[in-house]
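> I would like to see how this sequence folds:
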Amino acid sequence: MIKVDVEQFRALAHSGGVVSVTLEGQGKDFVLAIETRGGPAMLVLANDKEKQRTFVDPRRALLLLRELGLLKAHINLEGWNPKAGSNVES
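Predicted coordinates for the structure are as follows:
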């Protein structure tokens, strides 16, 4: 799995390297599952490439996708539990 921070994700999106994106619920938070031409990618924190970037508010993730010009995404709520505790700090 490729680990990308927001700037690397931006470069991938602008170069046409992003095939699809899914907003996935994980506990109380959301993550972006990214499929690139090179395989699956995980959005990570810029200052800690080992921690997955999470979104407490799915609107922030959707705003990021829109800003990057990625106007289509899937949503998977199977793992979303709004009553659960946060998985990772954003």
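
> thinking Ala61 is in contact with Gln26, fair?
No: the pair Ala61 / Gln26 is not scored as a contact, 11.9 Å apart, by C-beta atoms under 8 Å. (Each C-beta comes from the backbone N, C-alpha and C, glycine too.)

> What score does Glu89 have for pLDDT?
As summarised for this prediction, Glu89 has a pLDDT of 46.

> Toward the C-terminus from the helix or strand harbouring Glu35, list the very next helix or strand.
Element membership for Glu35 (DSSP states H and E) is strand 29-36. Using DSSP H and E, the helix or strand that follows strand 29-36 in sequence is strand 39-45.

> Determine the angle, from 0 to 180 degrees, between that following strand and strand 29-36.
Here strand 39-45 points in a direction 140 degrees away from that of strand 29-36 (axes from the mean of the first three to the mean of the last three C-alpha atoms, to 10 degrees).

> got a list of contacts for strand 39-45?
Applying C-beta atoms under 8 Å, 6 or more residues apart in numbering, the contact partners of strand 39-45 are 1-6, 9, 12, 31-35, 50-53.

> Please flag which of those sit within helices.
Secondary structure defined by DSSP state H assigns 6, 9, 12 of the contacts of strand 39-45 to helices.

> From what I see, the second one and Leu68 are in contact.
Just to be clear, that refers to Phe9. Yes: using C-beta under 8 Å, Phe9 is in contact with Leu68, at 6.9 Å.

> Once you drop chain neighbours, what's closest to the residue nearest the centre of the chain?
The centroid of the chain falls nearest to Leu32 when counting by C-alpha atoms, centre = their mean (2.1 Å). Of all residues not flanking Leu32 in the chain, Leu43 sits nearest, at 4.9 Å (C-beta to C-beta, 6 or more residues apart in numbering).
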